[in-house]
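Visitor: sequence below, structure please.
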Amino acid sequence: MGMKEKLHQLKLKYQGKKMAPAFNAIHTFLYSPNETTHSGSHIRAVDDLKRTMNTVIMALVPCLLFGIFNAGYQHYSAINGFPENFSVLEHFITWDNFWIGAITVLPLVIVSYGVGLAIEFVFAVIKGHEVEEGYLVTGMLVPLIVPVDTPLWMLAVAVAFGVVIGKEVFGGTGMNILNPALTIRAFLFFAYPTWMSGDKVWVHEAVERAGTADAISGETILGYLAQGNTADMTEKYDIAEMFFGFIPGSVGETSTFLILLGGLFLIFTKIASWRIMVSAVIGSLVMGLIFNGIVDAEWIPEYSKFYGLMQFDFWQHLIVGGLAFGIVYMATDPVTGSQTYKGKWIYGFLIGFLSVMIRVFNPGYPEGVFLAILLMNVFAPTIDHYVVQGNVRRRMKRLKNATILPKPSDGKTEQLKVETV
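Guide: Predicted coordinates:
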């Protein structure tokens, strides 16, 4: 008797018991459910919600592994200086970098999953329903969108808030109106702002060394631009480093290259909407071009606090900060995003447009993607409503334009002529 059969027998034995939902969650996580419908037409497949979530996690794993090595690389580079003649194998993929990243990033993952799943199991047992799989992706997203040295207790409090207030109060997975991972990130930003911004939180031990002789800094590219230090930024980082991710930032948001591969994988597997991704990119490029045009027209002086981010090349906004990560992994959330085809284009465009706008006009915290996505989560149902109503009006108009031709004298059957709009 195989493991699957043994688990199935245990499931039948404890069916209806108080802890049955918790056991079923583990059972169906390891194996596809063995229940099938008994009537009506249906398609038999193993791509249930857990498999869908696991596919997204597979797309996130490269970002996690890169973030582990990058945490160590940024730490040692801040202490010893960035290496000359940089080599990935010699300076990046090293045991020292991996060890620093492992002891800082993996605890974030453990706390995120531990606290979040514990709350999910408790709600499932109390309510008597199956454990919902939505947190499988949220638990991976959360440690990738926070600074590397975020205190674990702080993360635990934020996860508890995000799961309970951001999801369970709305009815659980599929009922929430806000992306749970971004709800957690927003809670951290507003409750503990000093740990979510500045030039110390992005590099391991930078906060601990502050004010000492061994102090180090880990200013992000957006931080340099917000302060108007464009020369320092261009001297320290080039386009290739920005694109491949060898820069300070949140754990999993720095490598646009890996995020792009993950996005293509999600599109190929039909998990994420390419319409939202493409329209969000277009929206961010349009807003960036508008700001570049304002600078070129000399409508804003160089001493303005907005000048540094406005003059930043419009397309480079996509390869720094969390914009690319948010577009690929969070804006495409099927629960909180728009559902109609036209709505997805509008929804994605506004996310990209607002992300760059908030980034520029909020130099104290020069990042706007998570605020833009949360804002559009709220408006997604409204967008879909007006798209659907527009379709209804067009069909009603076509119906009104339908005319009945008079019956011909030769006795032929009556014809219907429809003037399409």
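
Visitor: can you pull out the helices in the stretch 1-150 of the chain?
Guide: 3-13, 20-30, 49-80, 95-127, 135-144 (DSSP state H, counting those that start in this stretch).

Visitor: could I get the buried residue list for the fourth one?
Guide: Residues of helix 95-127 classed as buried under the neighbour-count rule (16 or more other CB atoms under 10 Å) are 97-98, 100-101, 104-105, 108-109, 111-113, 115-117, 119-121, 123-124. Every residue, glycine included, has its C-beta placed from N, CA and C.

Visitor: which of the helices of the stretch 1-150 of the chain has the lowest average pLDDT?
Guide: In terms of mean pLDDT, the lowest-scoring of the helices of the stretch 1-150 of the chain is helix 20-30 (a mean of 57).

Visitor: I373: what secondary structure?
Guide: helix (DSSP: H, G, I helix; E, B strand; the rest coil).

Visitor: pretty sure it contacts P180?
Guide: No. The pair I373 / P180 is not scored as a contact, 12.0 Å apart, by CB atoms under 8 Å.

Visitor: these two: which is more packed in?
Guide: I373 (30 against 27; other CB atoms under 10 Å).

Visitor: low-scoring stretches of this protein, by residue?
Guide: 1-49, 129-131, 403-421 (pLDDT under 70).

Visitor: strands of that one, residue ranges please.
Guide: 402-404, 416-418 (DSSP state E).

Visitor: so what's V328 up against?
Guide: I259, L260, G262, G263, L266, A272, M277 (CB atoms under 8 Å, 6 or more residues apart in numbering).

Visitor: 7 Å instead, please
Guide: I259, G262, G263, M277 (CB atoms under 7 Å, 6 or more residues apart in numbering).

Visitor: out of those, flag the one nearest to G252.
Guide: I259 (8.5 Å; CB to CB).

Visitor: now that closest one. Nearest residue, chain neighbours left out?
Guide: Distance criterion CB to CB, 6 or more residues apart in numbering; nearest residue to I259, sequence neighbours excluded, is A324 at 4.7 Å.

Visitor: is it true that that neighbour touches L258?
Guide: No. Using CB atoms under 7 Å, A324 is not in contact with L258, being 9.7 Å away.

Visitor: among these two, which residue is more densely surrounded?
Guide: Taking other CB under 10 Å, A324 and L258 do not tie; A324 has more neighbours (28 against 23).

Visitor: quick check: the spatially most central residue of the chain vs A210, distance?
Guide: Nearest to the mean C-alpha position of the chain, counting by CA atoms, centre = their mean, stands M330 at 2.5 Å. Noted for M330: a distance of 31 Å to A210, by CB to CB, to the nearest Å.

Visitor: list the contacts of N97.
Guide: F69, G72, Y73, Y76.

Visitor: thought the first one was touching I100?
Guide: No. Here F69 lies out of contact with I100, judged by CB under 7 Å, at a distance of 9.0 Å.

Visitor: quick one on the thing from earlier: out of the contacts of V328, the closest to R359 would be?
Guide: Among the contacts of V328, and counting by CB to CB, the member closest to R359 is I259, at 17.1 Å.

Visitor: one step back: contacts only, for the residue nearest to the centre of the chain.
Guide: With CB under 7 Å, 6+ apart, M330 has these contacts: N179, A181, L182, I373.
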